[in-house]
Structure formats: C-alpha cells, structure tokens
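Participant: Here is the input, now give the coordinates:
(chains A and B)
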Protein chains: 2
Amino acid sequence: MVARYLGRLTPLNEALNMLTKKARPVDSTATVASWEAEGMVLAEDVIAPIDVPPFNRAAFDGYAARSEDTPGELEVVGEVVIGALPKVRIGPGQAAYVSTGSFIPEGANTVIPEEDVERVGSKVIVKKHYDVWKNVDPKGSQVKKGEVLARKGTVLTYPDIVGLLAAGVGEVKVYRKLRISLIATGSELYRPTSPREVMERTLRGEVVETTATLVRWFITRYVPWAEIVEQLMAPDSPETVAWYISRLLERSDIVLVTGGSGPSRVDVFYMLPSLLGGELVFRGLDVKGGRPTTAITVKGKVVIGLSGYPLSALHIMVRLVYPLLRWMGNVRQCPPILYYARVDGTIQEGPPRPIKVVAYFDSKGELWVRPLEAKLQLSSATVGFPLANGVAFVDRREYRHGDIVPTLLYSIPHKFNEPGIAAIK
Amino acid sequence: MVARYLGRLTPLNEALNMLTKKARPVDSTATVASWEAEGMVLAEDVIAPIDVPPFNRAAFDGYAARSEDTPGELEVVGEVVIGALPKVRIGPGQAAYVSTGSFIPEGANTVIPEEDVERVGSKVIVKKHYDVWKNVDPKGSQVKKGEVLARKGTVLTYPDIVGLLAAGVGEVKVYRKLRISLIATGSELYRPTSPREVMERTLRGEVVETTATLVRWFITRYVPWAEIVEQLMAPDSPETVAWYISRLLERSDIVLVTGGSGPSRVDVFYMLPSLLGGELVFRGLDVKGGRPTTAITVKGKVVIGLSGYPLSALHIMVRLVYPLLRWMGNVRQCPPILYYARVDGTIQEGPPRPIKVVAYFDSKGELWVRPLEAKLQLSSATVGFPLANGVAFVDRREYRHGDIVPTLLYSIPHKFNEPGIAAIK
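Facilitator: Predicted coordinates for the structure are as follows:
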C-alpha cells in the first residue's frame, strides 16, 4: 500500500537510479534499410564497406589529364558521364571531359577546370601547371574501407544517413523503438471540438487537456527513438485508470500518466500499486514543479505519474523521464534538446525547478535568459505565458548574472544577426 | 539568356535582398482552431479574452477559508470539485475542501494544505495563521483580460498553444503555410529498393538521391510554417526539368532544385529561364559550398537551383533560403535552428562556407566545435562523415580559439553532465 501523502522527497538523481534498477532497456534488434532508419538507435558500430570516394572522382567540371602534361596542348579523347564507368584511358598528351562527381579515367591524375582552358576543335590548350590530384578527390581520401562510420548507441539523423548511403551502407542493425503510452487523468478535462466553447468552458473551470499533449510534443520532437503507442483521457476513477494502464502496458514499455499524482481526495495514483499489483519506486521528488511525481513498476514495466500542470510535467520530463528514455533506448548520442544560456539577472537558491524565461541572443551570439517575474513562475502558470519563449532548469544553487543554465528554447525572436536575417532591408 | 559560366559572384546578403525584391510574402490568412495551429504564423496579435486564472484558484489541496479565521477551528461546509462551480459560500468559521486547480468559494481568501490540519468529524483544526491569498492563484494574477498573449509573426509551438488554451483562446488568425516543392536532378540518381544494391551501385558511380531529401529534412525539422507539396527526381534534361517546374509552380510558392546548377555540359539550370520564360535573379554566390547556386523568378514565384552536394545545398538552405522562407512566411519569431558555439582551434579566413565539426559541451555547459581535418571539408564530402555531429557556418574572417560561430547541431554525444545524464550509475 502506498501512502496517500508524500513522505521523504527523493532527489532527482536518486530517483533516476532507482528507476534504472527496475526498468529494462530495449534489447530486441532488427536489421533495417539505412534510408529508413531515421530516429533509430544503432545496435552496433557501422563499418565502411568500401572506400569513400569509391574511385578517383572529379571535384570540378573540366578535363581529366596527366599532371606531367601541363601546361600543354591536349587531345580530347572522350567524356565521362556521372554514374557511368569511364570508357577511355588517358595516355600522354590526352584528356577527357569530366563533370563534378564523375570518375577520373585511368591514367589521369589531375582535372583542369573548363573555364581555364581554350578549346580548339578536338584539342584543349592548358596554360599552366596542375598538380597531381588537383581538383580530384582521390579514392579513399575521405574514409577508408573498414573505418568506423557511426558508433553503436547513435540515434541516426538524416545527415548521418546521407553519410552512410554515400559509403554504400544499405542496411543497419538497430534497436526497436521504445513504446510509450500516455494517459491524461482528470474529470475536469476535455478536448474542444469548436473554438467557441473554449472560453465558456474555461470560465466554468473546465480544462482543455494540454499536459499529456505537451508530453507527447516533447517526445515527438526530442525523443525520435520512441513511438507513442496510444494517448487517451480518463476520469478520476482509480479503477478506470488502473484498467487502462494494465491494457496499455501490454503494448508499451512505459506508461506516463498526467494528473492524479498528488495527495488530494481526487488523486488516483497512490491507489494504483495495489490495484495493479505493482511496486512503488518512489513517491514524491525533491523539486518544485512536479513534487508529487510518483513511479511504480508493474512486472518490470514503468508507470510514472506526472503533474497535471503542463510546466511541472515538462520539468520532470526533461530532468527525469528523458534521461530514463535515453537509458532504456540504449542511446549514447542523439539530437540535442537543451541550450546552455547565461542568466540575465539573478536566480535565488531553491529546489530544482523550471523557470520561465525570455531568451535572446546578444550581438556576439551569446544566449541570455531573463526570468519572468515571480507571479508568473507558479507551477500553475502555463508554459510560455505571456511572451516567455523558453524554460530554464535550475539546480539547487544561486545563479548570478552570467552563470550558465540549461534551457529548453522552443522559440526565438529575430533580433539577432543570424546568418541572413539582419541582411533583409 | 543566362550565361552558362558563372560571372560575378553575388554576396549572400545581396542575393537575399534581390530575392526579397522579386518574391512575394504569403498574404492569405485564415482563422483556425488554436489547438490545431501548431507551426502556423500568427497574422495578428492574440489578446487575452479573459483573466488568467479566470477565478481565484486553489494552488494546493486543502481547505479554503478566511485568513482572518486562522488559526482556529473551522466547520467544513462543502467541497469544490475541479471543473465545477462552487456550490457553497464561506462565512466566518467555515471552510470547504478544495483541490489544486479548483475554484475557491466566495468568501474564502486562503487555502490551508490538507497535511497541515487535523480533521475531527466535520471540523478541521488549523494551528497557525495563513495570509490572504496564501496557496491561492488570484483571478487575473498571471494575465489580465486585454493583455497581449502572443505577437503577430510568431510561429506557434505547442508550449504557446498550452498558454492560449489556458486563456480561453479557441481560435487564431494565421497565414496559410508556405508551399515548397523539391526536384532532385541528375541522371545518376536513384532511390534504393533493396539494401544490397546500394554498395554495388555506389561502386558503379551511381548515387542515391539524398540532397533533396536532406533539404526536405531541414524544412520538415526547422521550417514548420512550410509544407512540402511534392518531391520528385528528374534526369539531366532541361526540357523535362522545365516541364516539372512549370507544373509544380502552379501549386507552390517556391521550387527548390538540387543538382544541375553548375556550368558543366550536363548542368541544366542555366537553360531554364529561357525555357520557362523566367527572369534571372542571380547566378553564382560568393561562397564556398554552393557557389553555382542560381535563382530565377517565374511570374513572381521563386525557383532556386542548389548544389547537388548535400553539404553545399544545406549551406545555402541555412544562409539564404531559410531567411527567405522566414520573410516569405511573415515570420518574426520561431523555433531556433542554430547553436552558437566556441571554436576549439582556429579557422582560417576564407569565403563563407560550411565547416564540419565535432561538437561537445564542456563541464561548464559551454558548447565547443572542433573542425574536422581539411580533407573531410571538401564540398563533395558528405555531411556527418565520419563522426562529425554538426556544421558550423563561418563568415569571411579568421576565427581564433574561443570565437563564436553559428552551428547546426544535429546530434550530440552524452559526455556532458546534462540534467540526469551524469547521474546514471
């Protein structure tokens, strides 16, 4: 039986370690086409199967020839089209037309740019000397067969896939995606169907479901190695919530529940372990913003009860669930989620908490964050309100002007001279 | 008639200004449900239609009472459920059970946490004084009716939408999305259908289409206010490419063509203005990595010929097309795309160019980028190869150790003590 009220509050790092002792990382793998592996986690190092480039390749449009024949007059004996093998061999005094990316014919070791020659009939006149491998990418100059292209534990992004395909890698061994389900609890929640009802129902105290959807936004945007199995809403009934969790756990590695984790008479989460036959991992975190967060395991799977407040749920997603998802997904490298910004002003010492900030780049490119005023920092104050564009995650310490703080930066105004922006008149 | 060879190379800022003189920003708007407006650009400021919170709201689970009655013994006269209007009024010596987020009944001005009272039958014993508005979010304390919630030109993210819905905003006026089409040109291109063919065909000089797909990745990830109308491949035939462009322009604001922008005999782009009845904006940019980039307009719509090399195309997307898309989309604030990192080492003066880097956070949270060695910096060297995880965009200047450079950071290894990461044992 889990206590209704929060007892000793668990520090974040301790909570994370407790979870990694109970949860299981994904261990099933599959071999998939490399061009379809975006967002997947490599289950082994990828080794280059061929040299890159795979042949001596022209780096310029022009004439492939022998360096030792330049300067001089050369006889054009053929042309090499991109995507085809050369049909000619370059002997003394000979050249072949090549375009950027095409093979260099055997015998040639330099490329003279088309603009720099005079063409007279079947001959080209080269006016100066061209060194060996000038305007040529020699075979294997970028990667040698057998070198490591990408490491186990890397979440593949499309830029990585571009590299793999250029090296002839057609398939990769990856872990299956993490499966996550979301349940938004709260009898006051609804999903609007017409714009006009939103204001009316808000004035009556009803609440649009946004917390679980914000968690979903976070996962979709920052956790590409996970997939959302299902997202649903449930009323404040412990039996109902337990039934949905038991069904979703059959198809999910982790179930995240928003709302209902507190100690009030309408909160359901503390009753779940006994209803589900689960085991308590921790009840209550030593933070401000997500304090009642509770985690249980059911047959080795994880159920986490997050705050019903969007900002508090986001706080625990970034600080606790995100590292857990990396660990469960076997991730060692992935797209970044945080910026490290300098505090414009000061932040008083207090528990780990989310701070709504106005973020901006100064003219040198330094990112600064100015905390919104105190009344807008309440847990119940929604994300982004009004005109905040980021959330800073502070530790238990004082921050002085210029100190660095990790920040989720979801939007930025165009005041800084980013490439191109300042140029528009 | 456009010259086949590149003439005077246009500086980036000048090219961008030339484009904004020929292109047209989106001007059609629509009113859409706020919860479906993610990625859309606000066409007017959003004003709060009600106070936030819309009523005095409990910030804690406990008993709503009158501050002046504390400490003391209070009679519990009712309960307020979240999502419902209070049915009771609090008079002297009375209290009502409330849970976090519910209305505070009329007459009450403080909330005593449930854990801090002793309940005896229908009474609660409060041991100390609670100030007015303690554990209460008063009506309008976060936002007042009539205040600006979000500015015209903001690309709405889900955190913004959470805020709008909490303020009762059911609909917003937005611009329609920018429509972009992509054509990958090059007779050597193919899309693989089986993993095994990739290595074989790479050795024969054929090339998997990745450049247009990388451009699509960039747009999908960083330009939420645009939609991809169509993406297709075409051989090196000027007539074929011209025909596709003319058809795609009917449904697109901008067509991006990868490959074929150079001056070689197989390049098609320089022939397009005459085939399409278009007008040249510029031919050739003063950069390294995307130098042959060419832009034309056809009946006020923009066609840009990008490099066929992934990294060069990405370079011009970040430095030229992205600011153009912001301008065409009426965007003034949007999700950030770049990090500003410190150079670990030095970068020699040279034309604006993309530099492949290994990026990492140091223990203080500063982001550093170490350029890969010179041979891996060729335009033809693919993105991300091997083990690069970002691209720095350098201007025409020398960078010394510690100087700041804008960087596209698509992946990051877990060496830094980000929240939670270092904690896992």
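Participant: can you give me the helices for chain A?
Facilitator: Applying DSSP state H to chain A gives helices spanning A:12-22, A:158-166, A:195-203, A:211-222, A:238-249, A:272-276, A:310-316, A:322-328.
Participant: Compare the mean pLDDT across those and name the weakest.
Facilitator: Within the helices of chain A, the least confident segment by mean pLDDT turns out to be helix A:272-276, at a mean of 90.
Participant: What is that one packed up against?
Facilitator: When contacts are defined as 3 or more Cβ pairs under 8 Å, 6 or more residues apart in numbering or on different chains; DSSP states H and E, helix A:272-276 sits against helix A:238-249, strand A:294-298, strand A:301-306. (Glycine included, C-beta is placed from N, CA and C.)
Participant: so of the ones you listed, which one's packed in deepest?
Facilitator: Mean neighbour counts were taken over these using mean count of other Cβ atoms under 10 Å in any protein chain shown, and the top value, a mean of 26, falls to strand A:301-306.
Participant: What helices and strands are in contact with that strand?
Facilitator: Applying 3+ Cβ pairs under 8 Å, 6+ apart, we find strand A:301-306 packed against helix A:238-249, strand A:254-258, helix A:272-276, strand A:294-298, helix A:310-316.
Participant: From B:Pro49, how far off is the residue in the stretch 151-300 of chain A that chain B sits nearest to?
Facilitator: Taking Cβ to the nearest Cβ as the measure, the stretch 151-300 of chain A has A:Glu188 as its residue closest to chain B, at 2.7 Å. Shown here: A:Glu188 relative to B:Pro49, a distance of 20 Å by Cβ to Cβ, to the nearest Å.
Participant: again, but for A:Thr20
Facilitator: A:Thr20 sits 46 Å away from B:Pro49, taking Cβ to Cβ as the criterion.
Participant: mind checking pLDDT for A:Gly300?
Facilitator: In this prediction, A:Gly300 carries a pLDDT score of 87.
Participant: Please see if stretch A:132-142 touches chain B.
Facilitator: Yes. If you take Cβ under 8 Å from any Cβ of the partner chain as the test, stretch A:132-142 does meet chain B, through A:Asp137, A:Ser141, A:Gln142.
Participant: didn't A:Gly140 look like it was pressed against A:Asp51?
Facilitator: Yes. With the criterion set as Cβ atoms under 8 Å, A:Gly140 and A:Asp51 qualify as a contacting pair; they are 3.5 Å apart.
Participant: Compare neighbour counts for these two and give me the winner.
Facilitator: In this view A:Gly140 and A:Asp51 are compared by other Cβ atoms under 10 Å in any protein chain shown, and A:Asp51 has more residues nearby, 20 against 17.
Participant: Next up, the contacts around the more buried one.
Facilitator: A:Lys139, A:Gly140, A:Val143, A:Lys144, A:Lys145 (Cβ atoms under 8 Å, 6 or more residues apart in numbering or on different chains).
Participant: Who wins on neighbours among the residues you listed?
Facilitator: Neighbour counts for the contacts of A:Asp51 were taken using other Cβ under 10 Å; the highest belongs to A:Val143, with 22 neighbours.
Participant: Is it correct that it is in contact with A:Ala167?
Facilitator: Yes. Judged on Cβ under 8 Å, A:Val143 makes contact with A:Ala167 at a distance of 6.1 Å.
Participant: shared neighbours of the two, anything?
Facilitator: When contacts are counted by Cβ under 8 Å, 6+ apart, A:Val143 and A:Ala167 are jointly contacted by A:Ala48, A:Val52, A:Leu149, B:Phe385.
Participant: residues of stretch A:106-123 that come out buried?
Facilitator: Taking 16 or more other Cβ atoms under 10 Å in any protein chain shown as the basis for neighbour counts, the residues of stretch A:106-123 that come out buried are A:Gly107, A:Ala108, A:Asn109, A:Thr110, A:Val111, A:Ile112, A:Glu114, A:Val117.
Participant: any idea how far the third one lies from A:Lys134?
Facilitator: The span separating A:Asn109 from A:Lys134 equals 9 Å under the rule Cβ to Cβ.
Participant: same question, A:Arg251
Facilitator: From A:Arg251 over to A:Lys134 (counting by Cβ to Cβ), the distance is 59 Å.
Participant: which of those two has more neighbours?
Facilitator: In terms of neighbours (other Cβ under 10 Å), A:Lys134 is the more surrounded of A:Arg251 and A:Lys134; the figures are 16 against 11.
Participant: So in terms of bridging, what pairs with the residue lying closest to the more buried one once chain neighbours are set aside?
Facilitator: Spatially, and ignoring its direct neighbours in sequence, A:Lys134 is nearest to A:Thr110 (4.8 Å; Cβ to Cβ, 6 or more residues apart in numbering or on different chains). Partner residues in beta bridges with A:Thr110: A:Ala65, with DSSP bridges as the criterion.
Participant: show me what contacts A:Thr110?
Facilitator: By Cβ under 8 Å, 6+ apart, the residues touching A:Thr110 are A:Ala64, A:Ala65, A:Arg66, A:Ser67, A:Thr70, A:Tyr130, A:Asp131, A:Val132, A:Trp133, A:Lys134, A:Asn135, A:Val136.
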